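Q: Provided below are the primary sequence and the corresponding predicted coordinates.
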Amino acid sequence: MPHVAEQDKCKSPTIQQIRIPMKRTILHIDMDAFYASVEQADHPELKGMPVVVGGGMRGVVSAASYEARKFGIRSAMPIFQARKLCPQAVFLPVRGKRYKEVSDRIMDILCDFSPLVEKISIDEAFLDITGTRTLHGNPENLAFQIKEKIRDETSLTCSIGIAPNKLLAKIASDLEKPDGLTIVKKENIREFMSKLPVEKLPGVGTRSARELRTLGVRTASDILRYDLSFWVKRFGKHGLSLYEKALGKDSSPVQPFRNPKSFGAENTFPRDIQKPEELKKWILVQSEKVGRELRAKGYVARKVTLKIKFSDFKLITRSRSLDDYTNCTMVIFDTAIDLLAHIQLKKSVRLTGVAVSGLLRGYRQMKLIEDRATARQEQLDRAIDHILDKFGKDALKRGILIS
C-alpha cells in the first residue's frame, strides 16, 4: 500500500481558466538499483544474490543490488572496499550500451502515459500527468499502470513519488524503496515536511546535515523556526533555496527536453601511472570519446576541463576557455595536454578525465580566415566518425594508441 500524505485532485482547465496556472500533478519515477537490477533480469540465476556493478579492482561501485546494500555497499564506494564488505558478492563490469537500451525502452513506456516526460538520468524521470485523469484514471491508478508495464516489459521495478511539484515528487520516490509508491497531497505538505529528515532534502549532504543539527534542525520543517533572513545571511542564495525547499515550494515545470550542460569521459587505470606519455594516451582516448559525442549530438563547446586523481585520491581539475567553439578531437586533446603540462606530477595518477562545457547546439559561425590545420582535423574527424559508425569502434585507431 502507498504511503499517503494528501493532495488536491487535479482539475481539467476550462476556457476561463486558460491563463490561470493549473494545479499540477507530477510523478517522479526512479528505477530500483538500476544497473544491478538489469543484470539480475538478464541473468535470472543472480536474483536474490548480492550483485555489484563497477569497474575493476581499482574502480568504484556504479550500482549495488539491495542484497548487496545489506552489507553496507553503496554507489561510488571503491570496489576493493566493497569486496572486503561482501567477498561473496557477484562483481560485474558496467555494460553501458545495455543499460541505455533498457532505459530507452522505459522512457518510451513513460511517453505512452504523458507527452511531458523529463529524463533526469539513465534511470529516473519526471512525468507531468496534469489533466490525464479522464484517460488514465486517478494518479495512484496511473502509477500502478506504469509499474505494471515496466515490470511486464523489462522485469524491473521502480519507485514512484506523486506530488504537486517536482521537488516533493522526487523526495517521495525515495521513501519507500524498492518498488514503492508515496503520494504527497497538497493539504498535507506541512505535515509531510514535519516528519521528513532534513538530509532527505535535495542538496543537503552529510556535512550540511551535521551543521544544521547544531542549530537544532532535524526535520525539514525545523528550518522554518528561523526566518528567511537568517538563512540568507548564513548560506547566501543556498539559504534561500533551503528555506523554499522546507516550505515544499518548487515552480519548475517538467521539461520534455533539456540541453546538456557538459560532455565528459574518464577512466580509472588498472594501475597507477606516472609517465606523462602514458597519461597522454588516456587523455587522447577520452578526448576522442568526447569529440565523437559532441559531433554525434550536434554540439560544439567553448570550455575544456581536465580532471586528475592522484594515487592518494587527491582530486584536482583545471579548465580553459577556448577562443572559439569546437567539436574537434585534437583541439580538445591539445587543450587538455596543455592543462596537464601545468600540473606537477609528483605522485602517480589513478584517474584522468576530459570534459567540455559551454555548449552550443549546431555549428559555430564560419570565420573569414579559417585555421587550415583545424579545418583538416575536422575533416579527419568526420572521416573517422564515418568509418567507426560503419565498421565498429575498433575498426580504426590513431597511431600512438596502437601500443
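A: Received, thanks. In this text, all values refer to a predicted model and were calculated from it rather than measured experimentally. Numbering: from 1, shown residues only.
Q: phi, psi for the spatially most central residue of the chain please.
A: Geometric centre of the chain, nearest residue: S121, 4.3 Å, by CA atoms, centre = their mean. In terms of degrees, to the nearest 10, the main-chain angles of S121 are phi -160, psi -170.
Q: how far away is it from P87?
A: With distances taken as CB to CB, to the nearest Å, S121 is found 30 Å from P87. C-beta: built from backbone N, CA, C; applies to glycine.
Q: likewise for I308?
A: I308 is 31 Å from P87, by CB to CB.
Q: who has more neighbours out of those two?
A: When I308 and P87 are compared for neighbours, I308 comes out ahead with 21 against 10, by other CB atoms under 10 Å.
Q: check which helix or strand that one maps to.
A: strand 299-310 (DSSP states H and E).
Q: which elements pack onto the next helix-or-strand element following that strand?
A: Per DSSP H and E, the first helix or strand lying C-terminal to strand 299-310 is strand 315-326. For strand 315-326, the helices and strands in contact under the criterion 3 or more CB pairs under 8 Å, 6 or more residues apart in numbering; DSSP states H and E are strand 299-310, helix 329-341.
Q: relative to strand 315-326, how tilted is the longest one?
A: Relative orientation of helix 329-341 versus strand 315-326 (axes from the mean of the first three to the mean of the last three CA atoms, to 10 degrees): 150 degrees.
Q: buried set for helix 329-341?
A: Residues of helix 329-341 classed as buried by neighbour count (16 or more other CB atoms under 10 Å): T329, M330, V331, I332, F333, T335, A336, I337, L339, L340.
Q: again, but for stretch 59-66
A: Neighbour-count burial for stretch 59-66 [16+ other CB under 10 Å]: G59, V60, V61, S62, A63, A64, S65.
Q: quick one: which of the helices and strands packed on strand 315-326 is nearest M31?
A: Comparison of the helices and strands packed on strand 315-326 against M31 by CB to CB identifies strand 299-310 as nearest, at 26.8 Å.
Q: and the gap between the closest residue in space to D272 that isn't next to it in sequence and T130?
A: Excluding the flanking residues, the one nearest D272 by CB to CB, 6 or more residues apart in numbering is S348, at 3.7 Å. S348 sits 54 Å away from T130, taking CB to CB as the criterion.
Q: which of the two has more neighbours?
A: T130 (19 against 15).
Q: where does pLDDT dip in the stretch 51-200 of the chain?
A: Along the stretch 51-200 of the chain, segments meeting pLDDT under 70 span 57.
Q: just the angle between the helix or strand hosting D385 and strand 315-326, please?
A: Take DSSP H and E as the rule and D385 turns out to sit in helix 372-391. Per the same axes, to 10 degrees, the angle that helix 372-391 makes with strand 315-326 is 100 degrees.
Q: quick one: the strands in this structure, in order.
A: 3-6, 26-31, 51-54, 61-64, 90-92, 117-121, 124-128, 158-163, 181-185, 262-273, 299-310, 315-326, 349-357, 360-361 (DSSP state E).
Q: let me have those strands in a markdown table, adding distance to S37 as columns.
A: As requested, the strands of the chain are arranged in a markdown table below (distance: least, CB to CB, whole Å):
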| stretch | distance to S37 |
| --- | --- |
| strand 3-6 | 22 |
| strand 26-31 | 7 |
| strand 51-54 | 9 |
| strand 61-64 | 8 |
| strand 90-92 | 12 |
| strand 117-121 | 15 |
| strand 124-128 | 13 |
| strand 158-163 | 9 |
| strand 181-185 | 17 |
| strand 262-273 | 24 |
| strand 299-310 | 29 |
| strand 315-326 | 30 |
| strand 349-357 | 27 |
| strand 360-361 | 33 |
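Q: ok, which of these comes nearest I283?
A: Closest of these to I283 is strand 349-357, at 5.7 Å (criterion: CB to CB).
Q: contacts for the closest one?
A: 58, 261-269, 272-274, 279, 282-283, 286-287, 290, 294, 301-311, 313, 332-333, 336 (CB atoms under 8 Å, 6 or more residues apart in numbering).
Q: drop anything exposed from those.
A: 263, 265, 267-269, 273, 279, 282-283, 286-287, 290, 294, 301-310, 332-333, 336.
Q: measure R292 to S252 for me?
A: 32 Å.
Q: how deep is H136 tucked in, by neighbour count?
A: 16.
Q: ok, it - contacts?
A: Contacts of H136 (CB under 8 Å, 6+ apart): F113, I129, L142, Q145.
Q: same thing with L315?
A: K307, I308, K309.
Q: would you turn these into TSV with pLDDT?
A: As requested, these are exported to TSV (pLDDT from 0 to 100):
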residue	pLDDT
K307	96
I308	95
K309	93
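Q: which segments of the protein make up each domain?
A: 1-186, 196-246, 262-401 (automatic domain parsing).
Q: distance of the closest residue to D338 other than its chain neighbours relative to A265?
A: Distance criterion CB to CB, 6+ apart; nearest residue to D338, sequence neighbours excluded, is R320 at 7.4 Å. Applying CB to CB, the value for R320 to A265 is 17 Å.
Q: equivalent analysis for A296, please.
A: On the measure of CB to CB, A296 and A265 end up 13 Å apart.
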